[in-house]
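[1] What would the 3D arrangement of this be:
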Amino acid sequence: MMAIRKIREIGDDILTKVSREVKKVDQRLQVLIDDMLDTMYDAEGVGLAAPQIGVLKRVVVIDVSEERDNPIILINPEIIETEGCQIGDEGCLSIPGKVGTVERPNYVKVKAYDRDMKEFIIEGTELLARALCHEIDHLDGILYSEKVQDGLRSVYDTEEVDEE
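    Below is the predicted model of the structure:
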C-alpha cells in the first residue's frame with residue numbers, strides 16, 4: 001500500500017534539527033522507508049531524508065537512476081571520504097520552486113546500513129555524490145539554501161535542475 005507523506009517546507013523547525021541515530025530496525029522503520037520511497041517518487045525527487053517528512057531519524061532514500069527503479073536506502077549514513085569539486089544547481093523538495101548554485105565534492109564515499117542493518121559502503125560521483133551530500137546534510141539540520149553561492153532563484157528562470 002502506498003503512503004504519501006506531507007513534505008515539510010523551509011520555515012518548519014524540524015528541518016533545522018539534528019536527526020537521531022537509528023538503533024534498531026523494526027516494522028515502523030520499514031514502513032517509514034517504504035513511505036519515504038513512495039513520497040520521493042510521487043514528488044519526482046531524486047532523494048528524501050526522514051526529517052523532510054517530519055521524522056527525526058537518520059534515514060535517507062535516493063534514486064538517481066534514469067528509470068527511477070534503483071532506490072538506495074541509507075540508515076545512519078556517514079561520509080568517510082570526499083574528493084574533487086563540482087559546482088551546479090540544486091533544488092530541494094522542501095524548498096519548492098527554487099534552485100541555487102552549490103559547490104559539492106565530485107566524489108564521496110559513504111558508510112551506511114541497509115534496511116536489514118547490514119553495513120555497506122557506497123561510492124558516488126557527480127549527481128549521486130551531490131545527492132548523498134545534500135540528503136546527509138538534512139540529517140544534520142542543514143538545508144542547501146545555507147550553502148548557495150549566489151542566492152536562490154526561481155526554478156522557472158533556469159533550463160533544468162534535479163530536485164534532491
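[2] top strand in the protein by residue count?
    strand 72-83 (DSSP state E).
[3] for the helix or strand following that strand, the distance to its chain's centre please.
    Following strand 72-83 in sequence order, the next helix or strand is strand 86-92 (DSSP states H and E). With CA atoms, centre = their mean, to the nearest Å as the basis, strand 86-92 stands 13 Å off its chain's centre.
[4] Please, where are all the helices along the protein?
    27-42, 126-139 (DSSP state H).
[5] still on that earlier bit, I'd like to know which elements the longest strand of the chain is packed against.
    If contacts are counted by 3 or more CB pairs under 8 Å, 6 or more residues apart in numbering; DSSP states H and E, strand 72-83 sits against helix 27-42, strand 59-62, strand 107-113, strand 119-125, helix 126-139. Quick note: C-beta positions are derived from backbone N, CA and C, even for glycine.
[6] let's see it at 6 Å
    Applying 3 or more CB pairs under 6 Å, 6 or more residues apart in numbering; DSSP states H and E, we find strand 72-83 packed against strand 59-62, strand 107-113.
[7] if we can go back for a sec, okay, the helices of the chain in JSON lines with distance to Lys111, mean pLDDT and mean neighbour count next?
    Shown next, in JSON lines, are the helices of the chain (distance: least, CB to CB, whole Å; pLDDT from 0 to 100; neighbours: other CB atoms under 10 Å):
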{"stretch": "helix 27-42", "distance to Lys111": "18", "mean pLDDT": "97", "mean neighbour count": "17"}
{"stretch": "helix 126-139", "distance to Lys111": "11", "mean pLDDT": "98", "mean neighbour count": "23"}
